[in-house]
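Student: Please find the sequence and the predicted model below.
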Amino acid sequence: HPRRFSPGSTDRDHSVFRERARRLMLPLRMTDTTTLQAFAIVRMHETRLALAMETVRGFVTITQMTPIPCCPGHIAGIMSRRGEMLTLLNVSSLLAIPIIAAPMEKAVLVEVQEDEILGFLVHQVVEVVYQDAETQFLPSVQEGGAHHLLGSLRWQGNVLSVIHPARLLLLPELIVDQTP
């Protein structure tokens, strides 16, 4: 019978094609996803961090940020997002991250409370990964403070600190209370 697919191929080539087609028809192997946890890998200055995604609501590129006068240094400014004002925070110093001069052009949107979104500045959103929490995530042993630090994550041969962004944004050092 005449060959319709790849007329110049040999019988051996067609055997390889048939085997590949047979493999592609097999059902996908199901993976147990019960232990997978989502993390956003971000770069803040020269430091990479992993953010637990449970309260992250998205990422935005900062197009125009307006500074707010007479505010603490961690409040970088505000920007309009879908017609609503979004407060942007710079938490580098709180996390003791060495600062470089390059401007941060991205923000991670974090839901602090229902319908209350804050953003914190990062230089880059590297990627969102799903890691096996049982083998790749090492929980921290916390004594007292640092409830925003969940532990560490193995990623591409590195160990990254895992931050819970909503807990980070609720630290007392970030809350502005001007009542007398």
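Tutor: Ah, there it is.

Student: For the helix ranked longest in the chain, name the packing helices and strands.
Tutor: In the chain, assigned by DSSP state H, the helix with the most residues is helix 11-25. Contacting helix 11-25 under the criterion 3 or more CB pairs under 8 Å, 6 or more residues apart in numbering; DSSP states H and E is no other helix or strand. C-beta: built from backbone N, CA, C; applies to glycine.

Student: Give me the sheet partners of the very next helix or strand once past that helix and which way each runs.
Tutor: Downstream of helix 11-25, the next assigned helix or strand under DSSP states H and E is strand 36-44. Strand pairing for strand 36-44, determined by DSSP bridges: strand 47-52 (antiparallel), strand 124-132 (antiparallel).

Student: Which of those strands sits closest to residue 159?
Tutor: Closest of the strands paired with strand 36-44 to residue 159 is strand 47-52, at 9.6 Å (criterion: CB to CB).

Student: Flag every buried residue along the helix or strand following that closest one.
Tutor: Per DSSP H and E, the first helix or strand lying C-terminal to strand 47-52 is strand 56-61. Using 16 or more other CB atoms under 10 Å as the test for burial, strand 56-61 gives 56, 60.

Student: Could you list every helix and strand that the next helix or strand after strand 56-61 packs against?
Tutor: Next along the chain after strand 56-61, taking DSSP H and E as the criterion, comes strand 75-81. The contact analysis (3+ CB pairs under 8 Å, 6+ apart) places strand 75-81 against strand 84-89.

Student: ok and the helix or strand following the strand it packs on relative to strand 56-61, angle-wise?
Tutor: Stepping forward along the backbone from strand 84-89, the first helix or strand reached (DSSP H and E) is strand 106-113. Counting by axes from the mean of the first three to the mean of the last three CA atoms, to 10 degrees, strand 106-113 lies at 150 degrees to strand 56-61.

Student: List the neighbouring strands of strand 106-113 plus their orientation.
Tutor: Here, using DSSP bridges, strand 106-113 pairs with strand 56-61 (antiparallel), strand 116-122 (antiparallel).

Student: Need the ones you listed in JSON lines (columns: distance to residue 16 and mean pLDDT).
Tutor: Formatted as JSON lines, the strands paired with strand 106-113 follow (distance: least, CB to CB, whole Å; pLDDT from 0 to 100):
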{"stretch": "strand 56-61", "distance to residue 16": "43", "mean pLDDT": "87"}
{"stretch": "strand 116-122", "distance to residue 16": "47", "mean pLDDT": "84"}
